[in-house]
Structures are given as structure tokens and as C-alpha cells.
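In: quick one: sequence plus predicted model below, questions after.
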Amino acid sequence: MPVQLERRRASRHLEALDVEFAWYRGPSATPATFEAASALDISRSGIRLHLPTGAVELQRLIQLCIRLPLEPGPVLMVGKVRWCKPRQAGADVGVQFIGHLPPRLEEIIAELNKGREPRDVNFTPLPE
């Protein structure tokens, strides 16, 4: 069996965040209605989500509404689906953030990195 290599450039950590998502219908369109998703991990470069709605096509643009602990309002981010793995109930997707992270999200991710070992490291073989 071929060994998959980890290509992430940022450490990812498990974290429970309240996330909603909406798909863009086209390049100039506004996102559709927001739906709930489960955040599985997050880094400076993106987020891994579990979507109850199932598999999605790669490169699709997605609007994210991330509610941060102790913050009064959500952080809105745009991302692009980089990978999708169907599951029995829904799908896990990797979303790469587009644009700069808001300062508060940067701070929270930095806090997650303090004193924790990264779950995945660049170019580490992944289990099949």
C-alpha cells in the first residue's frame, strides 16, 4: 500500500468550536443558508470539519461562521474545500482559509499551540 505523506504546513489541534457553514453558489453570489458543522481541528491554515450533509466537491468556496470562546460575536471566514472523505453519517472535509485570519482567531490558535504536541507534523506518514 502506498504511504500518504502529510503536507500540512501548520500544526493542527483538536478543539471544540461552534461552527456553521454556507456554500457559495457562484463566484459573485452570496452564501446560502448557514448549517451546523462540527469542528474537528483547526490551524492557522485551515479547519477540518464534519459536515452532516455528506460529500462535497473539491475547490468549492465555503463561508464559515466560527464562534470563539468568550467572544461576543462570531468570526466570519471564507475557505476552499481541499479534501473530502465521506463517512457513514456525512463527510469530513479539510477547508483552507482564504485571506488573513482575524487577530482574535490567531490568538486562540496560538493558545492552542502552547504546551501541546501537534497531532500531525509535516511529511509524517498517515495511516490508511
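Out: All right, it came through fine.
In: how many other residues sit next to Ile98?
Out: 12 (other Cβ atoms under 10 Å). Bear in mind the C-beta positions are built from the backbone N, C-alpha and C, glycine included.
In: surely it meets Arg82?
Out: No: with contacts counted by Cβ atoms under 8 Å, Ile98 stays clear of Arg82, the gap being 11.1 Å.
In: which helix or strand in this protein has the lowest average pLDDT?
Out: Across the helices and strands of the chain, mean pLDDT, DSSP states H and E gives its lowest value to strand 125-126, namely a mean of 38.
In: where does the prediction get shaky in this structure?
Out: Filtered on pLDDT under 70, the chain yields the residue ranges 1-16, 25-31, 113, 115-128.
In: the strands in this structure, which residues?
Out: Assigned by DSSP state E, the chain shows strands spanning 4-5, 18-23, 35-42, 46-51, 61-67, 75-86, 91-98, 125-126.
In: could I get the contacting residues of the closest residue to Arg67 other than its chain neighbours?
Out: The shortest distance from Arg67 to any non-neighbouring residue, by Cβ to Cβ, 6 or more residues apart in numbering, is to Asp18 (3.9 Å). Asp18 makes contact with 39, 66-67 under the criterion Cβ atoms under 8 Å, 6 or more residues apart in numbering.
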